[in-house]
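> generate coordinates for the sequence data below:
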Amino acid sequence: MTLAPTAADPARSRGRLHRQPGGETRGPRDAFQRDRDRIVHAIAFRRLRHKTQVFVAPDGDHFRVRLTHSLEVAQIGRTIARALGLNEDLTEALCLAHDIGHPPFGHAGEDALKAATLHAGGFDHNAHTLRILTRLESPYPDWDGLNLTWDTLEGLAKHNGPVRHPTWAMREADADFPLDLDSWPSLEAQVAAIADDIAYDNHDIDDGLRAGLLDLDALCTVAFVGTRWRAVTRRHPDCARPDRLRRELVRDQIGAMVNDVIEESRARIADSGVGTVEEVRAAGRQLVGFSPGMAADERALKRFMYATLYHSSSQLEVAAVAQGLLSRLFAAYAEDPARLPPNWRASLPADDPARTRHIADFIAGMTDRYAIARHVEVVGPVEMPEGF
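You can find the predicted model right below:
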């Protein structure tokens, strides 16, 4: 496939922080393919299979977790990248890695770690993604981190746009390998960001309906959803399986959003006049995104989802329990670091802020179920709300 002039080119990458003696000889892969494969083989990536997406430590096997969400984001991202003539391997790497920095229990866990580390600079999951990939995940003999290319690290740092107020962890990564935080990222990174929005907008609907926390009739009051539901039922008037129709609805919505992004992004790229990756970064605006109409529809859908799912009484109840669990666990380790596992205890810094950040690194890497088990071990039993 011939790539567009605005696509990231692995042959023109700014390279890696650490030079690899003898060259990269493990198979016929380019730099971005290696980045993707390093992410897939990372322990932190595997842990995503037991980290919250929407439902905390769900009993059901069919609900999404961070790992399945990341895979679905990658599928959507590759589709958009291919249509726009962009580099699919870099896009896929960014999609797969974008949630690696999430702590257990999703945003409830992040809130707990933010509060616990406030005096040490706080916690931010996006910056923690960079911290994991450049420092904590260290399978190589001669350096810390996965030694990913500049292009991948830049895309992960800035996939939501320029970073005007970097946190300490982002500043640390930027100091080691300057990421031009004040500019826009590559089109591949912009694709990864919009693919994330499309995935969680629609797959959370699927999970919410499956869990009985969303009502289809209420959901159809959102114009974007109602229009597509009526189209689905007209196309399949004889289908007696509501579950199949609901899944067809989700597919239709994803397709509508993806097609809109492709059409809108082509027009923006053409209108901007950019012809190179460097010009994309200097464009001063987002070039991949929804049309104004679809953006308004997506905002309306988000408002509905926050009101009826993310901020529902059952979700707020379990989030409060999860936040309290991590807060108590952090306090227990801070009070008596001897409770840490031997390898984490041996590398514990003597003074703050490094000491607090080290404990946060340990807790942020936990899965939901591991955090619950460690709470039982070092604090005491905890009761999660029924069904979670």
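
> and the residue nearest the centre of this protein?
D99 (2.8 Å; C-alpha atoms, centre = their mean).

> thought that one was touching T68?
No. Assessed by C-beta atoms under 8 Å, D99 is found out of contact with T68, at 10.9 Å. Just so you know, the C-beta spots here come from the backbone N, C-alpha and C atoms, and that holds for glycine as well.

> and for these two, which residues touch both?
Taking C-beta atoms under 8 Å, 6 or more residues apart in numbering as the contact rule, D99 and T68 touch no residue in common.

> could you count how many residues lie near L84?
Close neighbours of L84, defined as other C-beta atoms under 10 Å, add up to 23.

> skipping adjacent residues, who's closest to it in space?
S265 (6.0 Å; C-beta to C-beta, 6 or more residues apart in numbering).

> helix or strand for R345, just tell me which one.
helix 342-346 (DSSP states H and E).

> coming back round to it: would you agree the residue nearest to L84 is in contact with F290?
No. The pair S265 / F290 is not scored as a contact, 9.2 Å apart, by C-beta under 8 Å.

> these two: who's more crowded?
Neighbour count, other C-beta under 10 Å: between S265 and F290, S265 has more, with 24 against 19.

> and the helix ranked longest in the chain, what's buried?
Ranked by residue count and defined by DSSP state H, the top helix of the chain is helix 242-272. Going by neighbour count (16 or more other C-beta atoms under 10 Å), the buried part of helix 242-272 is 245-246, 248-250, 252-254, 256-258, 260-262, 264-266, 268-269.

> ok, then the element right after that helix?
Immediately after helix 242-272, counting by DSSP H and E, sits helix 277-281.

> elements contacting that next one?
Here helix 277-281 touches no other helix or strand, going by 3 or more C-beta pairs under 8 Å, 6 or more residues apart in numbering; DSSP states H and E.

> list the buried ones in that helix?
Across helix 277-281, burial judged by 16+ other C-beta under 10 Å covers 277, 280-281.

> swap in stretch 141-149?
Buried, per 16+ other C-beta under 10 Å, within stretch 141-149: 145-149.

> swap in stretch 301-320?
Under the neighbour-count criterion of 16+ other C-beta under 10 Å, stretch 301-320 has 301-302, 304-305, 308-310, 312, 314-315, 318-319 buried.

> for D207, state which of these is nearest.
Of all the buried residues of stretch 301-320, L309 has the smallest distance to D207: 8.8 Å, by C-beta to C-beta.

> what helix or strand is the residue lying closest to the closest one once chain neighbours are set aside on?
Nearest non-adjacent residue to L309, counting by C-beta to C-beta, 6+ apart: G208, 4.8 Å away. Using DSSP H and E, G208 falls within helix 187-211.

> quick one: list the elements packing against the helix or strand following that helix.
As assigned by DSSP H and E, the chain's next helix or strand after helix 187-211 is helix 216-219. If contacts are counted by 3+ C-beta pairs under 8 Å, 6+ apart, helix 216-219 sits against helix 187-211.
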